[in-house]
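*Asks:* Pasting the sequence and the predicted model now:
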Amino acid sequence: MSTTSTRPSPGALSPLHRSRVLAALLGAVAVGLLVEGRAVRTGEAALQTLLLHLAGQESAHVGTAALFRVQGALVGVSFTTGCSIGPVLAVFLGATAVAAAVRPLSARRVATSTLVLVGLFVLVNQLRVVVIVASMRWLGVARGYDLSHVFLGSIITTLGFLLAVVLFVRLLLAESGPSAPAHSGHRAGSS
(Lines give C-alpha, C1' and ligand atoms only; values in the text may rest on other atoms or scores of the structure.)
Protein backbone atom coordinates (compact mmCIF):
# COMPACT_ATOMS: atom_id res chain seq x y z
CA MET A 1 0.00 0.00 0.00
CA SER A 2 1.33 3.38 -1.00
CA THR A 3 0.58 6.68 0.64
CA THR A 4 1.04 10.08 -0.85
CA SER A 5 2.08 13.03 1.18
CA THR A 6 0.72 16.48 0.51
CA ARG A 7 3.61 18.07 2.34
CA PRO A 8 6.21 19.87 0.24
CA SER A 9 9.61 18.27 0.13
CA PRO A 10 12.16 19.61 2.61
CA GLY A 11 13.55 22.93 1.44
CA ALA A 12 10.72 23.51 -1.04
CA LEU A 13 8.84 26.79 -0.80
CA SER A 14 5.14 26.78 -0.06
CA PRO A 15 2.82 28.30 -2.70
CA LEU A 16 2.49 31.48 -0.63
CA HIS A 17 6.27 31.80 -0.24
CA ARG A 18 6.75 31.28 -3.99
CA SER A 19 4.10 33.91 -4.58
CA ARG A 20 5.93 36.30 -2.23
CA VAL A 21 9.14 35.83 -4.24
CA LEU A 22 7.08 36.66 -7.32
CA ALA A 23 5.71 39.72 -5.50
CA ALA A 24 9.25 40.95 -4.84
CA LEU A 25 10.15 40.55 -8.52
CA LEU A 26 7.00 42.37 -9.65
CA GLY A 27 7.67 45.16 -7.17
CA ALA A 28 11.23 45.50 -8.43
CA VAL A 29 10.04 45.72 -12.05
CA ALA A 30 7.42 48.33 -11.08
CA VAL A 31 10.06 50.45 -9.35
CA GLY A 32 12.40 49.96 -12.32
CA LEU A 33 9.75 51.25 -14.72
CA LEU A 34 9.47 54.41 -12.65
CA VAL A 35 13.19 54.90 -12.06
CA GLU A 36 14.08 54.18 -15.68
CA GLY A 37 11.10 56.07 -17.10
CA ARG A 38 13.21 57.97 -19.60
CA ALA A 39 14.56 54.72 -21.06
CA VAL A 40 10.99 53.40 -21.39
CA ARG A 41 9.87 56.59 -23.15
CA THR A 42 12.92 56.50 -25.44
CA GLY A 43 11.98 52.92 -26.38
CA GLU A 44 8.41 54.01 -27.08
CA ALA A 45 9.66 56.82 -29.35
CA ALA A 46 11.96 54.40 -31.18
CA LEU A 47 9.08 51.96 -31.70
CA GLN A 48 6.85 54.78 -32.98
CA THR A 49 9.59 55.78 -35.44
CA LEU A 50 9.82 52.20 -36.68
CA LEU A 51 6.04 52.04 -37.17
CA LEU A 52 6.08 55.34 -39.08
CA HIS A 53 8.92 54.03 -41.29
CA LEU A 54 6.91 50.87 -42.00
CA ALA A 55 3.96 53.08 -43.00
CA GLY A 56 6.20 54.96 -45.45
CA GLN A 57 6.56 58.09 -43.29
CA GLU A 58 10.02 59.63 -43.07
CA SER A 59 10.77 59.78 -39.35
CA ALA A 60 13.46 59.71 -36.71
CA HIS A 61 13.59 59.75 -32.96
CA VAL A 62 15.68 61.93 -30.72
CA GLY A 63 15.51 60.85 -27.11
CA THR A 64 11.85 60.58 -26.15
CA ALA A 65 10.55 62.35 -29.28
CA ALA A 66 9.42 60.85 -32.58
CA LEU A 67 10.04 63.34 -35.40
CA PHE A 68 8.35 63.39 -38.80
CA ARG A 69 7.41 65.82 -41.58
CA VAL A 70 4.04 67.53 -41.93
CA GLN A 71 3.56 69.85 -44.90
CA GLY A 72 7.34 70.10 -45.31
CA ALA A 73 8.04 71.08 -41.70
CA LEU A 74 9.79 68.82 -39.22
CA VAL A 75 7.48 68.27 -36.23
CA GLY A 76 7.22 65.63 -33.56
CA VAL A 77 5.50 64.14 -30.61
CA SER A 78 7.24 63.67 -27.31
CA PHE A 79 6.59 60.73 -25.05
CA THR A 80 6.28 62.57 -21.75
CA THR A 81 5.72 60.78 -18.45
CA GLY A 82 1.97 61.32 -18.84
CA CYS A 83 2.02 59.88 -22.38
CA SER A 84 4.04 56.77 -21.53
CA ILE A 85 2.86 53.32 -20.54
CA GLY A 86 5.62 53.10 -17.90
CA PRO A 87 3.86 54.72 -14.91
CA VAL A 88 0.49 53.06 -15.63
CA LEU A 89 2.13 49.67 -16.04
CA ALA A 90 4.10 50.21 -12.82
CA VAL A 91 0.83 50.76 -10.94
CA PHE A 92 -0.62 47.48 -12.20
CA LEU A 93 2.54 45.53 -11.50
CA GLY A 94 2.73 47.07 -8.03
CA ALA A 95 -0.88 46.13 -7.30
CA THR A 96 -0.23 42.60 -8.58
CA ALA A 97 2.83 42.42 -6.31
CA VAL A 98 0.64 43.30 -3.32
CA ALA A 99 -1.91 40.65 -4.35
CA ALA A 100 0.85 38.05 -4.76
CA ALA A 101 2.26 38.90 -1.34
CA VAL A 102 -1.02 38.13 0.45
CA ARG A 103 -2.48 35.40 -1.77
CA PRO A 104 -0.75 32.61 -3.68
CA LEU A 105 -0.77 33.45 -7.38
CA SER A 106 0.42 31.18 -10.17
CA ALA A 107 3.63 32.44 -11.74
CA ARG A 108 2.39 31.20 -15.13
CA ARG A 109 -0.86 33.17 -14.80
CA VAL A 110 0.98 36.27 -13.64
CA ALA A 111 3.40 36.01 -16.57
CA THR A 112 0.63 35.41 -19.12
CA SER A 113 -1.61 38.19 -17.84
CA THR A 114 1.32 40.61 -17.58
CA LEU A 115 2.47 39.88 -21.13
CA VAL A 116 -1.08 40.50 -22.40
CA LEU A 117 -1.28 43.73 -20.39
CA VAL A 118 2.09 45.01 -21.63
CA GLY A 119 1.33 44.03 -25.23
CA LEU A 120 -2.04 45.76 -25.24
CA PHE A 121 -0.71 48.87 -23.45
CA VAL A 122 2.08 49.18 -26.04
CA LEU A 123 -0.28 48.55 -28.97
CA VAL A 124 -2.90 51.03 -27.74
CA ASN A 125 -0.39 53.75 -26.96
CA GLN A 126 1.38 53.36 -30.30
CA LEU A 127 -1.97 53.38 -32.12
CA ARG A 128 -2.87 56.58 -30.27
CA VAL A 129 0.31 58.27 -31.51
CA VAL A 130 -0.22 56.99 -35.08
CA VAL A 131 -3.67 58.63 -34.99
CA ILE A 132 -2.07 61.88 -33.74
CA VAL A 133 0.50 61.80 -36.56
CA ALA A 134 -2.15 61.00 -39.19
CA SER A 135 -4.41 63.78 -37.90
CA MET A 136 -1.58 66.28 -38.02
CA ARG A 137 -0.79 65.30 -41.60
CA TRP A 138 -4.47 65.44 -42.61
CA LEU A 139 -5.68 68.54 -40.71
CA GLY A 140 -2.45 70.43 -40.18
CA VAL A 141 -0.22 70.57 -37.13
CA ALA A 142 -2.26 72.72 -34.73
CA ARG A 143 -5.78 71.53 -35.57
CA GLY A 144 -4.78 67.89 -36.07
CA TYR A 145 -2.84 67.75 -32.81
CA ASP A 146 -5.59 69.40 -30.77
CA LEU A 147 -8.31 67.11 -32.11
CA SER A 148 -6.36 63.88 -31.98
CA HIS A 149 -4.35 64.31 -28.79
CA VAL A 150 -7.18 65.50 -26.59
CA PHE A 151 -10.25 63.88 -28.13
CA LEU A 152 -9.35 60.86 -30.27
CA GLY A 153 -6.29 59.95 -28.22
CA SER A 154 -8.30 59.96 -25.01
CA ILE A 155 -10.95 57.69 -26.53
CA ILE A 156 -8.37 55.24 -27.89
CA THR A 157 -6.41 55.16 -24.63
CA THR A 158 -9.46 54.83 -22.38
CA LEU A 159 -11.08 52.03 -24.37
CA GLY A 160 -7.81 50.21 -25.09
CA PHE A 161 -6.49 50.38 -21.54
CA LEU A 162 -9.89 49.32 -20.17
CA LEU A 163 -9.86 46.26 -22.43
CA ALA A 164 -6.28 45.49 -21.36
CA VAL A 165 -7.13 45.76 -17.67
CA VAL A 166 -10.23 43.55 -17.99
CA LEU A 167 -8.22 40.87 -19.82
CA PHE A 168 -5.39 41.18 -17.31
CA VAL A 169 -7.69 40.66 -14.32
CA ARG A 170 -9.60 37.81 -16.00
CA LEU A 171 -6.38 36.00 -16.91
CA LEU A 172 -4.76 36.64 -13.54
CA LEU A 173 -7.71 35.45 -11.47
CA ALA A 174 -9.05 32.74 -13.81
CA GLU A 175 -9.71 29.42 -12.18
CA SER A 176 -7.89 26.52 -13.73
CA GLY A 177 -7.33 22.86 -13.22
CA PRO A 178 -9.53 20.27 -11.55
CA SER A 179 -10.75 22.63 -8.82
CA ALA A 180 -12.46 24.90 -11.36
CA PRO A 181 -16.25 24.57 -11.36
CA ALA A 182 -17.76 22.61 -14.21
CA HIS A 183 -19.86 24.61 -16.63
CA SER A 184 -22.42 21.91 -17.38
CA GLY A 185 -25.45 24.00 -16.52
CA HIS A 186 -26.23 21.94 -13.38
CA ARG A 187 -25.54 23.08 -9.87
CA ALA A 188 -24.35 20.66 -7.28
CA GLY A 189 -27.33 19.16 -5.53
CA SER A 190 -29.87 20.18 -8.21
CA SER A 191 -31.61 17.83 -10.57
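*Replies:* Received it, and whenever you're ready, just let me know what you need.
*Asks:* Can you name the next helix or strand after the host helix or strand of A99?
*Replies:* Taking DSSP states H and E as the criterion, A99 maps to helix 85-102. Moving toward the C-terminus from helix 85-102, the first helix or strand encountered (DSSP H and E) is helix 107-139.
*Asks:* residues of the helix or strand encompassing L159 that come out buried?
*Replies:* Taking DSSP H and E as the definition, one finds L159 inside helix 153-173. By neighbour count, and taking 16 or more other CB atoms under 10 Å as the criterion, the buried residues in helix 153-173 are 153, 156-157, 160-161, 164, 168, 171-172. The way it works is simple: take the backbone N, C-alpha and C, and place the C-beta from them, glycine included.
*Asks:* Which strands or helices does that helix pack on?
*Replies:* Contacts defined by 3 or more CB pairs under 8 Å, 6 or more residues apart in numbering; DSSP states H and E place helix 153-173 against helix 85-102, helix 107-139.
*Asks:* For the helix or strand that the last one is followed by, buried residues please.
*Replies:* Beyond helix 107-139 in the direction of the C-terminus, DSSP H and E gives the next helix or strand as helix 141-145. Using 16+ other CB under 10 Å as the burial criterion, the residues of helix 141-145 that qualify are 144-145.
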